[in-house]
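Asker: Give me coordinates for this.
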Amino acid sequence: MAKDASFDVVSEMNMEEVKNAIQMTTKELKNRFDFKGSTVEITFEKNKMTVIGDDDFKVEQIKDVLFGKLVKRGVPIKNIHFGETQHALGAKARQTADLISGIDRENSKKITTAIKNAKIKVKAQIQEDQIRVTGKSRDDLQEVIQLLRKLDLPIELQFTNYR
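Answerer: Numbering: from 1, shown residues only. I've put the predicted structure just below:
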């Protein structure tokens, strides 16, 4: 009898690509005419990123350029959750963002519930920050992948270890 087929559902961010995108964004904005004499600062520590600009408008422009660089590097933008804009001393605007890597419990439950409700003959197991889906038929696994791509989740999903 053939072995069960499986794949893992993960949500990962390549932090090296994030650092590269931040460096490219900073370099580009330092050379742009509309940012001459303006504050452009993007800091990155562990899973937090901070964008600092002169005002809310400049912060949004910085984020637009940064998102463009992240998309080109294949980093899922959906996994970046920005907070409220804070106004610092010297009329500067600051916005912090959490970089989400891994699937939290709440989203794991939504994913496994959606798979069970679809009545596809597969098993979904939560393994820390990822989900393993196993089934007899590769067609069923493809069906699950299509189902998960249609789900409206606050994180980007990737499908790895397809066997």
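Asker: Lys19 and Val133, how far apart?
Answerer: Distance of Lys19 to Val133, computed by Cβ to Cβ, to the nearest Å: 32 Å. C-beta here means a position set from N, CA and C on the backbone, and glycine is covered the same way.
Asker: next one: Pro154
Answerer: Noted for Pro154: a distance of 20 Å to Val133, by Cβ to Cβ.
Asker: These two: which is more packed in?
Answerer: The neighbour comparison of Pro154 against Val133 (other Cβ atoms under 10 Å) goes to Val133, with 24 against 13.
Asker: what ranges do the helices span in this structure?
Answerer: Ranges of helices within the chain are 15-31, 56-72, 105-117, 138-150, based on DSSP state H.
Asker: Mind putting those helices into CSV with distance to Gly83?
Answerer: As requested, these are exported to CSV (distance: least, Cβ to Cβ, whole Å):
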stretch, distance to Gly83
helix 15-31, 17
helix 56-72, 12
helix 105-117, 19
helix 138-150, 27
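Asker: Tell me which of the ones you listed is the most buried.
Answerer: Mean neighbour count (mean count of other Cβ atoms under 10 Å) peaks for helix 56-72 among those, with a mean of 17.
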